[in-house]
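1. Could you look at this predicted model? Sequence included:
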Amino acid sequence: MELSKKLAILADAAKYDASCTSSGAAPRDSRGGRGIGSTAPMGICHSYTPDGRCVSLLKVLLTNYCVYDCLYCVNRVTSNVPRARFRIDEIVALTLDFYRRNCIEGLFLSSGIVRSPDYTMEQLVEVARRLREDHDFRGYIHLKTIPDASPELLAAAGRHADRLSLNVELPTPQGLATLAPQKDALAIRGAMGRLHRRIEAAKDAARERAPVSLPGAPARRAAPPRFAPGGQSTQMIVGADASDDRTIITTAATLYRDYRLRRVYYSAFSPIPDAARSLPPVAPPLVREHRLYQADWLVRFYGFGHDEIVTGGDGMLALEHDPKLAWALAHRERFPVDLNTAPRELLLRVPGLGVRTVERLLLARQGRRLRHADLKALRVPLAKALPFVVLADHRPGKALEAATAPRAAQQLGLFDAAPA
Ligand code: SF4
C-alpha cells in the first residue's frame, strides 16, 4: 500500500484520540490557485502547551488493526473499515520529513493492539527510541500507552516521550466492563499509578541531583533521569454509556487527585458504522463536551469543588449556560459580590471574571476604588458580570433579579433577533 494511502487511513483513525483541536477540520487546500493555506496534510493537528503555545503535531496510529473489540471504537476487530499499518521506519521517516519541512513540531502516536499489548508497546517505544537516539530528534513526542504492557516497556516509553497517556475510556468500571470487556479498569489504574510514581521520582531526582565535577572543568550537575516530563493525561468518552456529568466530573477529580494528571480529555462519543445496540444511535450534543471542559477548568483553576459544579437534580450540566453562570444562578444568595472588598476566592466565582482578570483587579484595587470603567478597560464581558457585582459607581439593583430570573423558553422565528 502506498505511504500516502496509509497516512490517510491512519491519520483519520487517530482523530478519535482527543488531545488535539483541529484534526476534525474539513479538508481544504489552495490547489487550483484559489485562496491560501491548507488543512490537507493528513495527520497534522494542533495541540496547546500549558503555557498557551499552539504546536502542530503529526497525529497518527501505528496501525488501526486491533485484536480487541471495544464496542465504541471504529477500529475494533469486528469493524469493517479499511486497515493499514506503518512500518517503524516509515513512521520515523514521515516524522522527520514533516519536521524538516517545518510542518510539525512533534509526534502524537497511538495504535490499535496487534498480537499482544507488549508487542504493540514495543513497536511504539521503538519509534520513539529511533527518533531520539538514532536521529537526535528534539521535538515533542506524545505516546499513547497500553495499560497491559509490561512495566519495563512503560518505563522505556517514559524515557523517550515528553508526555504519556493512558485512556480510562469510560467514566465507570461498569461502563468499561460492558463496552470494552477485554479492558480491565483495575489494570488501567494500576498502570496510571506506576506512571505517576515514575514521573514523581524523576522530578524528585531532578531537584536533588548531585553536582558533578571533572578535573579542570567547572562543577555542574549531572543530567537527571528523564521520564515523561510533560506528565500523563487520559481520555474519557462522553455519551457512550449512561454516566451523567456528575459522575464524569467526579471520576476526573479522582484521577487528577490520585495520579496528578496534566489533563483529562473529554471526547464526545461518535456513532460508528454497524454499532452495537447497546450504544446510543446519536452523538451527544458537542456543547456537552464543551461544558465538561469548562467545569474541569473551574475545578482546576477557580477553586470550585467537583461536587458543587453540577447544580441540576438530573446530574447533568446545564447546556444553555456555562457552569460558572449556572452555579451563580443557583446560588443567588451569594451575590452581588463587592469587587472592592471580596476575597480572591469569591471574585473567582463571579461570572465573566477569569483568573487573570481577578489578579489584575486585586492589584488595581490596592491603589484605588474599582469602578465600572475598570471592568471595561479590562474587557470584562459587562453584560455577564455587572448583574453580579458591586463597584464604587455601580449596584446591580434589579439587574441581578432580571439576570437570575428563570426565563421561559421562547421559540424564535427565522428572522427574529436572538435575546442577548
Ligand atoms: S483497544 Fe483501542 S483501538 Fe482497539 S478496539 Fe479498543 S479502543 Fe479501539
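-> Perfect, I can see it now. Computed from a predicted model, the values in this text were never measured in an experiment.
2. Helices along the stretch 101-250 of the chain, start to end?
-> In chain order, the stretch 101-250 of the chain shows helices spanning 117-129, 151-160, 173-179, 185-208, 245-259, with DSSP state H, counting those that start in this stretch as the criterion.
3. just checking, what packs against the third one?
-> Going back to what we said before, that points to helix 173-179. With contacts defined as 3 or more Cβ pairs under 8 Å, 6 or more residues apart in numbering; DSSP states H and E, the secondary structure elements packing on helix 173-179 are helix 185-208. Where you see a C-beta, it was placed from the backbone N, CA and C, and this is true even at glycine.
4. Please identify the buried residues of the helix it packs on?
-> Neighbour-count burial for helix 185-208, with 16 or more other Cβ atoms under 10 Å as criterion, is recorded at 185, 188, 189, 191, 192, 194, 195, 196, 198, 199, 202.
5. does the second one really touch residue 147, like I thought?
-> Yes: in terms of Cβ atoms under 8 Å, residue 188 counts as a neighbour of residue 147; the distance is 4.5 Å.
6. between these two, what contacts are shared?
-> Between them, residue 188 and residue 147 share these contacting residues under Cβ atoms under 8 Å, 6 or more residues apart in numbering: residue 166.
7. In JSON lines: the helices of the stretch 101-250 of the chain, plus distance to the ligand and mean pLDDT.
-> Shown next, in JSON lines, are the helices of the stretch 101-250 of the chain (distance: least, Cβ to the nearest ligand atom, whole Å; pLDDT from 0 to 100):
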{"stretch": "helix 117-129", "distance to the ligand": "9", "mean pLDDT": "96"}
{"stretch": "helix 151-160", "distance to the ligand": "16", "mean pLDDT": "93"}
{"stretch": "helix 173-179", "distance to the ligand": "9", "mean pLDDT": "95"}
{"stretch": "helix 185-208", "distance to the ligand": "11", "mean pLDDT": "91"}
{"stretch": "helix 245-259", "distance to the ligand": "18", "mean pLDDT": "97"}
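8. Report the closest residue of the stretch 151-300 of the chain relative to the ligand.
-> Per Cβ to the nearest ligand atom, residue 180 is where the stretch 151-300 of the chain lies closest to the ligand, at 5.9 Å.
9. distance of the closest residue to that residue other than its chain neighbours from residue 124?
-> On the basis of Cβ to Cβ, 6 or more residues apart in numbering, the spatially nearest residue to residue 180 that is not a chain neighbour turns out to be residue 70, at 3.9 Å. When distances are taken as Cβ to Cβ, to the nearest Å, residue 70 and residue 124 turn out to be 18 Å apart.
10. Just want the angle from the helix or strand encompassing residue 300 to helix 245-259.
-> Secondary structure here is read from DSSP states H and E; on that basis residue 300 sits in helix 286-301. When axes from the mean of the first three to the mean of the last three Cα atoms, to 10 degrees is applied, the directions of helix 286-301 and helix 245-259 differ by 40 degrees.
11. Show me what helix 286-301 is in contact with.
-> Contacts made with helix 286-301 from outside it, assessed by Cβ under 8 Å, 6+ apart, are listed as 238-239, 245, 248-249, 252-253, 256, 264, 266-268, 304-306, 309-310, 316-319, 322-324, 327, 355.
12. Just the endpoints, please. Distance across stretch 100-109?
-> The distance separating the two terminal residues of stretch 100-109, taken as Cα to Cα, to the nearest Å, comes to 18 Å.
13. coming back round to it: mind giving me the PyMOL command for buried ones among the contacts of helix 286-301?
-> One line in PyMOL is enough to select the buried ones among the contacts of helix 286-301; burial here means 16+ other Cβ under 10 Å:
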select buried, resi 238+239+245+248+249+252+253+256+264+266+267+268+304+306+309+310+317+318+322+323+324+327
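14. what domains does the record give for the chain?
-> The chain resolves into domains spanning 3-22+41-206+225-233, 335-403 when parsed by the TED database.
15. Now the weakest link among those, please, by mean pLDDT.
-> Mean pLDDT values for these show the minimum at domain 3-22+41-206+225-233, a mean of 89.
16. just to revisit the earlier point, go through the contacts of helix 286-301 and flag which are in strands.
-> The subset of the contacts of helix 286-301 located in strands under the criterion DSSP state E comprises 238, 264, 266, 267, 268.
17. Using TSV, lay out the residues you listed together with pLDDT and distance to the ligand.
-> Shown next, in TSV, are the ones in strands among the contacts of helix 286-301 (pLDDT from 0 to 100; distance: Cβ to the nearest ligand atom, whole Å):
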residue	pLDDT	distance to the ligand
238	95	15
264	96	17
266	95	16
267	92	11
268	91	15
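18. Widest-spaced pair of those?
-> Comparing every pair within those by Cβ to Cβ identifies 264 and 268 as the most remote, at 14.0 Å.
19. Near the ligand, which residues of this structure are found?
-> With Cβ under 6 Å from any ligand atom as the criterion, the chain meets the ligand at residues 66, 68, 70, 73, 75, 76, 112, 113, 180.
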